[in-house]
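Undergrad: Quick one, fold the following:
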Amino acid sequence: MDDMATSLRGLTVLVTGASGGIGGASAELFAAQGATVYLGDVDDAAGQARAHALGPAAHYLHLDVTSEENWAAATSAIAANGHALGVLVNSAGAAIKAPLQQTSPDGFRKMLDLNLIGTFLGIKAAAEAMVDGGSIVNLASLRGVLATAELGAYGAAKSGVRVLTRVAALELADRGIRVNAVCPGSIETEITSVPDFAADDTTAYVRSIPMQRRGSSEEVAKTIRFLATDDSAYITGTDLIIDGGQAAGVRTPKIFTESVSK
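TA: Below is the predicted model of the structure:
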């Protein structure tokens, strides 16, 4: 048998937002490497279908990350199945794209609830369940590193996730629980295909990325897997930027004319 197919055998992983995108890719990767995977989501049909496709070691849980009761039920269900939670991937999230003056207070709060409060509740629930230590990987964003027009609410929430990650890492280190975050840049996911993004000049945007392409959910999942396992045993309280070089700095645009080329 392929060593990679059994390399995570015995590890129990809970992935939120697991019905698609980065969460789905993460669940697939952990399952492919032998872990027992719990897929948490509010889209029951999609979540159940994905869990079924991943095989008998995958289980679906209805999990609204903004609900403390849902978190308690999820960790209780994992324990009732005889599994000890070893990894939490806080992947559930969404974005509203609008200028600040067109963002309602309710819309702003929704972004904080889903992206930041949900992560906070997940950290609390996982910390209580991880009696033998473990790893928590939070999904932040490049938008929480670099301010981006029309993504103020989302960026504020994801910036908060980065700080929350560091605080949790400090508070949980003596219990053997590592806490890290990933900050994806432009990734091909469901978020970037919603109508709010339809007016964007994606060709020009991709040209602004030093690597000249968008990333994939699978590439982010591999980084999450690294942070979740003993491959990163001495890493905690950090966030890894996965952005094709966007946060590295600014490149000066060049004008290519006949006189310049001579």
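Undergrad: can we go C-alpha only for contacts and neighbour counts from here?
TA: Fine.
Undergrad: Is Val37 in contact with Thr12, as I believe?
TA: Yes: Val37 is within contact range of Thr12, at 5.9 Å (criterion: Cα atoms under 8 Å).
Undergrad: Where does pLDDT dip in this protein?
TA: 1-6, 190-200, 256-262 (pLDDT under 70).
Undergrad: Tell me which stretches of it form strands.
TA: 12-16, 36-41, 58-62, 85-90, 134-139, 177-184, 239-242 (DSSP state E).
Undergrad: In the stretch 51-200 of the chain, mark out all the helices, start to finish.
TA: Taking DSSP state H, counting those that start in this stretch, the helices of the stretch 51-200 of the chain run over residues 68-80, 105-111, 118-129, 152-172.
Undergrad: can you pull the buried residues of the first one?
TA: Across helix 68-80, burial judged by 16 or more other Cα atoms under 10 Å covers Glu68, Asn70, Trp71, Ala72, Ala73, Ala74, Thr75, Ile78.
Undergrad: Now flag whichever of the residues you listed is closest to Lys110.
TA: When the buried residues of helix 68-80 are ranked by distance to Lys110 (Cα to Cα), Glu68 comes first, at 15.8 Å.
Undergrad: Let me see the contact set for the closest one.
TA: Residues in contact with Glu68 (Cα atoms under 8 Å, 6 or more residues apart in numbering) are Leu121.
Undergrad: Can you give me the distance of the most centrally placed residue in the chain to Leu114?
TA: Nearest to the geometric centre of the chain sits Leu139, at 2.9 Å (Cα atoms, centre = their mean). Per Cα to Cα, to the nearest Å, Leu139 is found 12 Å from Leu114.
Undergrad: who touches both of those two?
TA: Common neighbours of Leu139 and Leu114 are listed as Ala92 (criterion: Cα under 8 Å, 6+ apart).
Undergrad: Gln246 reaches Pro210, doesn't it?
TA: Yes: with contacts counted by Cα under 8 Å, Gln246 reaches Pro210, the gap being 6.4 Å.
Undergrad: so which of the helices of the stretch 51-200 of the chain gets nearest Ile187?
TA: Among those, the nearest to Ile187 by Cα to Cα is helix 152-172 (15.3 Å).
Undergrad: ok so, going back, neighbour-wise, which of Val37 and Thr12 wins?
TA: Legend: neighbour count by other Cα atoms under 10 Å for Val37 and Thr12, higher for Val37 (29 against 23).
Undergrad: Bridged to the more buried one, which residues?
TA: Note on Val37: beta-bridge partners by DSSP bridges are Val13, Ala58.
Undergrad: Please give me every residue in contact with it.
TA: Per Cα under 8 Å, 6+ apart, neighbours of Val37: Thr12, Val13, Leu14, Val15, Ala27, Phe30, Ala31, Ala57, Ala58, His59.
Undergrad: which one of the residues you listed has the most neighbours?
TA: Ala27 (31 neighbours).
Undergrad: thought it was touching Ala18?
TA: Yes: here Ala27 reaches Ala18: they are 6.5 Å apart, a contact under Cα under 8 Å.
Undergrad: what residues are shared contacts of these two?
TA: What both Ala27 and Ala18 touch, as defined by Cα under 8 Å, 6+ apart, is the set Leu39.
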